[in-house]
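>>> build me a model:
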Amino acid sequence: MLTKLRQLAEHQGFMKYFKNTSWLFGEKILRMTVGLFVGVWVARYLGPEQFGLFSYAQSFVGLFTAIATLGLDSIIVRELVKDASKRDELIGTAFWLKLMGALSVLLFLAIAINFTSNDVYTNALVFIIASATIFQSFNVIDCYFQSKVLSRYAVFANVFSLLISSVVKIILILNEAPLVAFAWAVFFDSFVLGCGYLYFYIKANSSFSLWQLKFYNMTAQSLLKDSWPLILSGMVLMIQSRIDQVMIKEINNSIEVGYYSVALRLIESLGFIPIMLNNSLFPALVNAKKTSEKLYQMRFLNYYRLSFTLFLLAAIPIYFFSENIIVILFGEAYEPAGILLSLMAIRLFFTNSGVARSSFITIENLFKYSLITMIFGALVNVVLNYYLIPLFYSKGAIVATIISFFVTTFMLDFLYAKTRENVKLQIIGMVTFYKFPLGIKDV
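Just a heads-up that it's a prediction; the model follows:
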C-alpha cells in the first residue's frame, strides 16, 4: 500500500491533477463555510420579509442566467484542449458572446417584469442584480485555467472575491444599510471576481492585451451550434430550481419566500458532497464499462448504496432537529422555516440520486433523453406549484419539487427501456444500502 502511494506521489501526471483537484476542493469548503456564516448573518439582519424579497430578485434573475452563460464553458474547455493555438480566438469570441448574452438578459427581464406584480423597488433590485451578469463575461478565463489544469489561479480569484464580498456585507450590516445596498453588493462581487480573473490571466500570460479579445464570426457560429442544447438544458434546470421562489412571491408574499429561502440554502450547502463523490467515482465507472457489464452494474449498485447512505446520514439529523437548527442559526423570526427544512431533507435523496444518475446519462450518451425528462419535470413542477402553493404555501412548493424530481429520476426512467435497468439498480441500492462493501476489491 505504501509503495503504491509512493509511486503515485512520484507520478507527475497524477500529482498535477491531484493538486488541481485539491485547490478546487479547498475553495469549495472555504466558500461553503464563509458563505454560510455571512449568509446567515445577512438573513438575520434583513429579516424574513426583506430577505425573501432579496431571494426573490435573485431567483427571478436566475431564470434567465442560462442566456448569459450560453452553455459555452465546457465547450470552450474542450476546444482549448484540442487546439491551444486558438486560445485568443476562442477566449475573445466567447467573451463577446457572453457579453451579448448578458445584455440580452437585461432585455428579457425588461419584458418579463411586465407580467409580474412587482413594484418599482422590487424591479430595481432585479435589474441591479441582473447587471452583475455583465462581468460574468470574464468567467471565460476560468475555461482557460481548466484547460491548462491551472485551477489554482481561478481559486485565487474566487477566494479574493469571496473575502472582499464577505467584508463588504459585514460592513453593510454593521452600518445598518438598506436592502438595495445588498443588491449592489452582488453587482460588486461580480465586478471583483471579473477583475480577479483578468489579473491572474495577465499574470499567467504576460503578453496578453485586452485588444486580443476579438470577435470571430465563424468561431462564434461553431460555438453556438454546439452549445444550444446546453443553453436549453441550463434554462430548464434554472426553471426547475428557481421557479418555486418566484411563484411563492407572486401567489403568497415575500415573507414566505424568506422562510423557504433559508431552508433551501441550508440544503443546497450540502450539495457539493454528492458532486465531489461523483467526480471521484466517475473514472472508475467509465473503466468498468470498458471491462465488463457485470462489473459496470456492480459499481453503479454500490454507488447508489453509498449515495443513499450519505442521504440518511445527512437527512435524519436535519429532519428531527430542523427547528433547532433554524432558530440557532437564523433566530426566532425564522422559526416557521423549521418545518420546511425537515421536508427539504427528503429533497436530499433526489439530489444524491440525481447526481449519481447523471453519470449513467453521460456514460450511456443519453443527453437528448435527459433534456426531455428535464423539460417534463419542469412543467410538472410549475403546474403543481400553481395548484399547491395557494393551498399549502411554501410547503406546497416543496411537495411540488419532490414530486417533479420523482417523475424525472424514477418514473420516466422506468418507462424508458434504456434506463429501466438503472432504475432497478437504484431501488436495489436503496433497500440494500447496508451491504455496501468495505473492501476495495469488491467495489
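>>> so where's the stretch 1-150 of the chain uncertain?
Within the stretch 1-150 of the chain, the stretches with pLDDT under 70 are 1-24, 149.
>>> the domain parsing of this protein - what is it?
Here the domain assignment for the chain is 20-251, 270-443, based on automatic domain parsing.
>>> residue 93 reaches residue 218, doesn't it?
No. Using CB atoms under 8 Å as the test, residue 93 is too far from residue 218 to be in contact (9.1 Å). C-betas here are computed from N, CA, C, even on glycine.
>>> more neighbours: which of the two?
Neighbour comparison, residue 93 and residue 218: the larger count goes to residue 93, with 26 against 9 (by other CB atoms under 10 Å).
>>> could you point out which element follows the helix or strand the more buried one falls within?
For residue 93, the host element (DSSP states H and E) is helix 87-112. Sequence-wise, the next helix or strand downstream of helix 87-112 (DSSP H and E) is helix 120-131.
>>> now that following helix: buried residues?
122, 123, 125, 126, 127, 128, 129, 130, 131 (16 or more other CB atoms under 10 Å).
>>> okay, these in JSON lines with distance to residue 243 next?
Formatted as JSON lines, these follow (distance: CB to CB, whole Å):
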{"residue": "122", "distance to residue 243": "17"}
{"residue": "123", "distance to residue 243": "18"}
{"residue": "125", "distance to residue 243": "18"}
{"residue": "126", "distance to residue 243": "15"}
{"residue": "127", "distance to residue 243": "20"}
{"residue": "128", "distance to residue 243": "21"}
{"residue": "129", "distance to residue 243": "17"}
{"residue": "130", "distance to residue 243": "17"}
{"residue": "131", "distance to residue 243": "22"}
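>>> among those, which one lies nearest to residue 109?
Distance to residue 109, by CB to CB, is smallest for residue 130 among those, at 5.4 Å.
>>> report the contact partners of the residue lying closest to that closest one once chain neighbours are set aside.
What sits nearest to residue 130 in space, not counting adjacent residues and going by CB to CB, 6 or more residues apart in numbering, is residue 61, at 4.6 Å. Neighbour list for residue 61: 105, 109, 126, 129, 130, 133 [criterion: CB atoms under 8 Å, 6 or more residues apart in numbering].
>>> ok, of the residues you listed, which one's closest to residue 396?
Nearest to residue 396 among these is residue 126, at 24.2 Å by CB to CB.
>>> what about the closest residue to that closest one other than its chain neighbours, helix or strand, and which?
Distances taken as CB to CB, 6+ apart place residue 57 nearest to residue 126, at 4.8 Å, with adjacent residues excluded. Using DSSP H and E, residue 57 falls within helix 12-62.
>>> show me where the stretch 301-443 of the chain has its helices.
All helices of the stretch 301-443 of the chain, identified by DSSP state H, counting those that start in this stretch, fall at 337-363, 367-392, 394-406, 412-415, 417-431.
>>> how many residues are close by residue 283?
Residue 283: 9 neighbours (other CB under 10 Å).
>>> to clarify, my last question referred to residue 255.
21.
>>> and stretch 112-124, C-alpha only, in CSV?
C-alpha atoms of stretch 112-124 as CSV (Å, rounded to 0.1, in the frame of the first residue of the first chain):
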residue,chain,number,x,y,z
ALA,A,112,-40.7,39.7,-18.2
ILE,A,113,-41.3,42.2,-15.3
ASN,A,114,-44.5,43.4,-17.1
PHE,A,115,-46.0,40.0,-16.3
THR,A,116,-45.3,40.3,-12.6
SER,A,117,-46.9,42.1,-9.7
ASN,A,118,-43.6,43.8,-8.8
ASP,A,119,-43.4,47.4,-7.6
VAL,A,120,-40.7,49.8,-8.7
TYR,A,121,-38.4,49.0,-5.8
THR,A,122,-38.5,45.2,-6.5
ASN,A,123,-37.8,45.8,-10.1
ALA,A,124,-34.8,48.0,-9.2
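>>> ok, and what's touching that stretch?
Stretch 112-124 is contacted by residues 53, 56, 57, 60, 63, 64, 126, 180, 183, 250 when judged by CB under 8 Å, 6+ apart.
>>> likewise for stretch 45-57?
Applying CB under 8 Å, 6+ apart, the external contacts of stretch 45-57 come out as 42-43, 122, 125-126, 129, 173, 179, 182-183, 245-246, 248-249, 253-262, 333-334.
>>> any chance of the contacts of stretch 112-124 in CSV, plus distance to residue 196?
As requested, the contacts of stretch 112-124 are arranged in CSV below (distance: CB to CB, whole Å):
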residue, distance to residue 196
53, 29
56, 28
57, 24
60, 27
63, 27
64, 24
126, 26
180, 25
183, 21
250, 36
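>>> out of these, who has the most neighbours?
Among the contacts of stretch 112-124, the one with the most neighbours (other CB under 10 Å) is residue 57, at 29 neighbours.
>>> rewinding a little: pull the most distant pair out of the contacts of residue 61.
The span of those, defined through CB to CB, is set by 126 and 133 at 11.8 Å.
>>> and the angle for the helix holding residue 93 with helix 12-62?
Using axes from the mean of the first three to the mean of the last three CA atoms, to 10 degrees, one finds that helix 87-112 and helix 12-62 are set 20 degrees apart in direction.
>>> list the buried ones in helix 87-112?
Neighbour-count burial for helix 87-112 flags 87, 89-102, 105-106, 109 (criterion: 16+ other CB under 10 Å).
>>> one more: stretch 74-88?
Buried positions in stretch 74-88, judged by neighbour count with 16+ other CB under 10 Å: 75, 76, 77, 79, 80, 87.
>>> the last one touches residue 80, doesn't it?
Yes. With the criterion set as CB under 8 Å, residue 87 and residue 80 qualify as a contacting pair; they are 6.4 Å apart.
>>> joint contacts of those two?
Counting by CB under 8 Å, 6+ apart, the common neighbours of residue 87 and residue 80 are residue 144.
>>> residue 274 versus the residue nearest to residue 130, what's the distance?
Using CB to CB, to the nearest Å, residue 61 is found at 26 Å from residue 274.
>>> what helix or strand does the closest residue in space to residue 146 that isn't next to it in sequence sit in?
Computed as CB to CB, 6+ apart, the closest residue to residue 146 that is not its neighbour in sequence is residue 77, at 4.8 Å. Taking DSSP H and E as the definition, one finds residue 77 inside helix 73-82.
>>> no further questions, thank you.
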